[in-house]
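Visitor: just coords:
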């Protein structure tokens with residue numbers, strides 16, 4: 001494997017709420033497989049449920065973006081706090097992941113209608129309320145070999161696997177990890 005194709009992530013200081021992660025190494029493809037595996041392992045978890053407190057998010061708040069950020073940090077691909085939203089620094093919102101023009105280091109937005117692959121981030125921008133900008137999840141392969149998305153569901157109060165985001169759809173932004181230049 002050439003060094004040019006190897007992804008190296010430099011850890012930013014994550015919020016105290018996130019687990020400290022090691023730096024991911026390997027090809028972007030290997031890292032995406034790791035991201036998908038970690039996300040799949042959280043199926044059924046209530047850590048990001050609407051009615052619990054998690055990290056910088058209190059009870060009765062949407063946490064799909066926190067789920068994605070935490071999985072990425074666990075995989076060694078932290079995105080960190082990127083901008084000031086609602087008067088405080090925050091991890092990328094679902095709306096940020098869905099905005100093709102919003103820059104997230106190491107991630108590219110693929111052309112509309114792209115079929116997502118395991119480890120890709122899928123996001124849709126829309127306003128549920130003042131506290132939600134859309135929905136975001138991670139593409140995984142379930143135990144039956146089907147492509148699904150893993151996301152924190154406020155309706156079911158747990159991490160679920162479903163077809164949302166797992167099929168080609170013009171409304172959904174697909175982002176793929178390509179590594180961060182060193």
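Guide: Yep, it's here. Worth saying up front: this structure is predicted, and the values here are computed from it rather than measured. Numbers count the residues shown, from 1 in each chain.

Visitor: Every contact and neighbour count from this point should use C-alpha atoms.
Guide: Noted.

Visitor: For residue 122, see how far away the residue sitting nearest the centre point of the chain is.
Guide: Nearest to the mean C-alpha position of the chain, counting by CA atoms, centre = their mean, stands residue 68 at 2.9 Å. Distance, residue 68 to residue 122, using CA to CA, to the nearest Å: 10 Å.

Visitor: shared neighbours of those two, anything?
Guide: Here residue 68 and residue 122 have 136, 137, 138 as joint contacts, going by CA atoms under 8 Å, 6 or more residues apart in numbering.

Visitor: ranges for the strands of the chain?
Guide: 7-8, 25-26, 83-85, 88-90, 107-109, 121-129, 132-141, 147-153, 158-162, 173-177 (DSSP state E).

Visitor: Which one, of those strands, ends up nearest to residue 46?
Guide: Closest approach to residue 46 among these (CA to CA): strand 158-162, 4.3 Å.

Visitor: Between the two ends of stretch 103-117, how far is it?
Guide: 20 Å.

Visitor: mind listing what's buried in that stretch?
Guide: 104, 105, 106, 107, 108, 109, 114, 116, 117 (16 or more other CA atoms under 10 Å).

Visitor: So what touches that stretch?
Guide: So stretch 103-117 is contacted by 79, 82, 97, 100, 122, 139-140, 147, 165-181 (CA under 8 Å, 6+ apart).

Visitor: now that stretch: mean pLDDT?
Guide: Computed over stretch 103-117, the mean pLDDT rounds to 92.

Visitor: I'd like the distance from it to the chain centre, please.
Guide: In terms of CA atoms, centre = their mean, to the nearest Å, the centre of stretch 103-117 is found 12 Å from the chain centre.

Visitor: How about stretch 52-71?
Guide: Going by CA atoms, centre = their mean, where stretch 52-71 is centred and where its chain is centred differ by 12 Å.

Visitor: what comes up buried for it?
Guide: 52, 54, 61-71.

Visitor: Could you do stretch 32-49 as well?
Guide: Buried, per 16+ other CA under 10 Å, within stretch 32-49: 32-40, 42-44, 46-49.

Visitor: still on that earlier bit, most widely separated two among the buried residues of stretch 103-117?
Guide: So for the buried residues of stretch 103-117, where distance means CA to CA, the most widely separated pair is 105 and 114, at 20.1 Å.
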